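[1] Fold the stuff below for me.
(2 chains)
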Amino acid sequence: ILNVEQSPQSLHVQEGDSTNFTCSFPSSNFYALHWYRWETAKSPEALFVMTLNGDEKKKGRISATLNTKEGYSYLYIKGSQPEDSATYLCVDNNDMRFGAGTRLTVKP
Amino acid sequence: NAGVTQTPKFQVLKTGQSMTLQCAQDMNHNSMYWYRQDPGMGLRLIYYSASEGTTDKGEVPNGYNVSRLNKREFSLRLESAAPSQTSVYFCASSEWGSHSGNTIYFGEGSWLTVV
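    From the prediction side, this is the model:
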């Protein structure tokens, strides 16, 4: 993998569903990976910074894991709520490049 | 503490016109960035300034110039605007840049339309 890639591009879930999406990044020269939450018409807001292989971070119903050897991070949302609807971005701190994001829509 | 402030918030330009987007941060950050956001493409790095006095090209620098005026301010200039530059522009800053793990803080965005 040469660039940061996120999948899926978009996701529609029902309120109460748990969901997860992926950020893949070049595993060589890894330094840190950031997750951001971005609501329409607002600025992206930081969720997590992940640095160590095996890192697990949690904030309320949202958590993230990191595998630097295989070059991926998962973001999990447990019991999705409509207010979780946003685009979730990851960025490779090695070159400050963002993935294209996963756009999550949670239907009530 | 205003964080990252960018102006203008909205602008309509005619093809060929020039304009400068202004950005200032009050967090004493060393690194500053300009990104553009287009549908389906996330945030793409235009230029960045790792520290005062330095600027470097990002992924999509063509058609833009930047100036790191001082530690606080980082401006983005479109010399001859083209419709392809219609986008939302975000200025951002972090204490240090790549290989630091520092959080990036964003401005509220500037909506630019080139007709």
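
[2] is the lowest-mean-pLDDT helix or strand in chain A anywhere near chain B?
    For chain A, counting by mean pLDDT, DSSP states H and E, strand A:97-98 ranks last in confidence among helices and strands (a mean of 86). Yes - against chain B, strand A:97-98 shows contacts by Cβ under 8 Å from any Cβ of the partner chain at A:97, A:98. Every residue, glycine included, has its C-beta placed from N, CA and C.

[3] Tell me the strands beside that strand, with direction?
    Neighbouring strands of strand A:97-98 in its sheet, by DSSP bridges, are strand A:86-92 (antiparallel).

[4] rewinding a little: so how far is the least confident helix or strand of chain A off the chain centroid?
    Per Cα atoms, centre = their mean, to the nearest Å, the displacement of strand A:97-98 from the mean C-alpha position of its chain is 12 Å.

[5] Next SSE downstream of that strand?
    On the C-terminal side of strand A:97-98, the closest following helix or strand by DSSP states H and E is strand A:102-107.

[6] Just give me how far that next one sits from the chain centre.
    On Cα atoms, centre = their mean, the centre of strand A:102-107 falls 13 Å from the chain's centre.

[7] And for stretch B:103-115?
    That offset, for stretch B:103-115, works out to 7 Å (Cα atoms, centre = their mean).

[8] And stretch B:72-90, by the same measure?
    So, by Cα atoms, centre = their mean, the centroid of stretch B:72-90 is 7 Å from its chain's centroid.

[9] how long is that stretch end to end?
    Using Cα to Cα, to the nearest Å, the gap from the first to the last residue of stretch B:72-90 comes to 16 Å.

[10] before we move on, the earlier item: contacting residues around the least confident helix or strand of chain A?
    By Cβ atoms under 8 Å, 6 or more residues apart in numbering or on different chains, the residues outside strand A:97-98 that reach it are A:3-4, A:36, A:89-91, B:35, B:42-45, B:58-59.

[11] Report the contact partners of residue 11.
    Chain wasn't specified; assuming chain A. By Cβ under 8 Å, 6+ apart, the residues touching residue A:11 are A:19, A:21, A:102, A:103, A:104, A:105.

[12] nope, chain B please
    Residues near residue B:11 by Cβ under 8 Å, 6+ apart: B:19, B:110, B:111, B:112, B:113.

[13] Among these, which one has the most neighbours?
    Each of these was scored for neighbours by other Cβ atoms under 10 Å in any protein chain shown, and residue B:110 scores highest at 23 neighbours.
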